[in-house]
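Enquirer: Kindly return the folded structure for what I paste below:
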Amino acid sequence: MRLLSRIFCAILLINFYSQSLAQAPKKPDAAELKQALNKLEVLGSVMYLAAHPDDENTRLIAYMANEKKLRTAYLAMTRGDGGQNLIGNDIREYLGIIRTQELLAARRTDGGEQYFTRANDFGFSKDPDETFNIWDRDDVLADVIWNIRRFRPDVIITRFDTARGREGMHGHHTASAILAQEAFTKAADPSVFPEQLQYVKTWQPKGLYWNTYNFGGSFTSEHSNEQGYFEMDLGAYNELLGLSYDEISALSRSNHKSQGFGSTGRRGELKEYLMHWNGELPKGDIFANIDQSWSRVKGGAEIGQMIAKANDDFDMEKPSAIVSQLIQIKKKIESIDDEYWKEL
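Expert: Prediction:
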């Protein structure tokens, strides 16, 4: 109930600051509160997976978290301590601390959640075999499976593919995709890392996809008619947030200051491309075969109706009017048997 708790706190802060005579910090935005209520109605989830800080597709994360209203995570294999530092002299572990904070700031901006494995960013690697030898493949695989089991994504999307031998390809990138493919099925196997199961349950995501590239439009022309190819337009504008998803993405990537990142967001059509790798093959939309409503939870249908009613009753000029409804929703969620859904 983390999202519901944040809504409660925001409403209380709005009331407090609106009545305070002292100079107050910026009040929570009622539009952002409405956005949080919208997200509370959706129980779908997606995990983006890559190797380093700044590998993530912030446009896709922003779109999934705010347009699709999904619980959205980025799982980075490393903390980026093998990279460069354009803002100071700190390197290695100290740089890893800096880049960890940059990633956390990026997620606060684009609406995602951030997770890591224990993998060490030891610098450029020529191939995934070298990477696995240094990382200790089994340990990092255990971390990937642990994160899948505790986050329970409906869909996993990788930034990189598993092809070997490409000129200039980073072994960490390829390794992250290989681990994603392996973990996709093994996270559901109780014989794999059974020691984790005293804390989490096995989990089988519905689909695994590669967020492929479209350099020069070649991917579109070569693969657009293939089964398992999905095209997404991320160019929507979020009226509540007052930004397009590319603008949110630009703000998110600008947090990677040690890497000199930053861009100007734009509006209008913005295509992304996904290739189906494993799991159920949906039609039209990668979430078409997934129930994202509260009905997916035993005893959750009534909760979904209560949240929808509170959302409909929400008044941006008087947010506190729905507090009593939120209290009843909180009590109802606390009665659910599955602890996972209680903690959302």
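Enquirer: so which strand or helix has the closest residue to F132 other than its chain neighbours?
Expert: With sequence-adjacent residues excluded and distances taken as CB to CB, 6 or more residues apart in numbering, F132 is closest to A175, at 6.0 Å. (Glycine included, C-beta is placed from N, CA and C.) In the assignment (DSSP states H and E), A175 maps to helix 171-186.
Enquirer: Report the backbone C-alpha coordinates of whatever helix or strand comes next after that helix in PDB.
Expert: Moving toward the C-terminus from helix 171-186, the next helix or strand (DSSP H and E) is strand 207-212. Written as PDB, here are the backbone C-alpha positions of strand 207-212 (Å, rounded to 0.1, in the frame of the first residue of the first chain):
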ATOM      1  CA  GLY A 207       6.100 -12.100 -21.700                       C
ATOM      2  CA  LEU A 208       9.800 -11.300 -22.500                       C
ATOM      3  CA  TYR A 209      10.600  -8.700 -25.100                       C
ATOM      4  CA  TRP A 210      13.700  -7.000 -26.600                       C
ATOM      5  CA  ASN A 211      13.400  -3.200 -27.000                       C
ATOM      6  CA  THR A 212      15.200  -3.200 -30.300                       C
END
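Enquirer: neighbouring strands for strand 207-212, and are they parallel or not?
Expert: When pairing is defined by DSSP bridges, strand 207-212 lines up against strand 155-158 (parallel), strand 271-279 (antiparallel).
Enquirer: Just the CA atoms of the shortest one, as PDB, please.
Expert: Taking Å, rounded to 0.1, in the frame of the first residue of the first chain, the C-alpha atoms of strand 155-158 are listed here in PDB:
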ATOM      1  CA  VAL A 155       6.300  -8.300 -18.700                       C
ATOM      2  CA  ILE A 156      10.100  -8.100 -18.900                       C
ATOM      3  CA  ILE A 157      11.800  -5.900 -21.500                       C
ATOM      4  CA  THR A 158      15.500  -6.000 -22.200                       C
END
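Enquirer: Enumerate the positions of that strand that are buried.
Expert: Neighbour counts over strand 155-158 (16 or more other CB atoms under 10 Å) mark 155-158 as buried.
Enquirer: The last one too?
Expert: Neighbour counts using 16+ other CB under 10 Å place 272-277, 279 of strand 271-279 among the buried residues.
Enquirer: Once you drop chain neighbours, what's closest to A65?
Expert: What sits nearest to A65 in space, not counting adjacent residues and going by CB to CB, 6+ apart, is G111, at 3.4 Å.
Enquirer: residues contacting the one you found?
Expert: 61-62, 65-66, 72, 248 (CB atoms under 8 Å, 6 or more residues apart in numbering).
Enquirer: Show me where the stretch 51-200 of the chain dips below the pLDDT cut-off.
Expert: Counting by pLDDT under 70, the low-confidence segments of the stretch 51-200 of the chain come to 165-168.
Enquirer: Helices along that one, start to end?
Expert: 58-66, 93-110, 128-135, 137-151, 171-186 (DSSP state H, counting those that start in this stretch).
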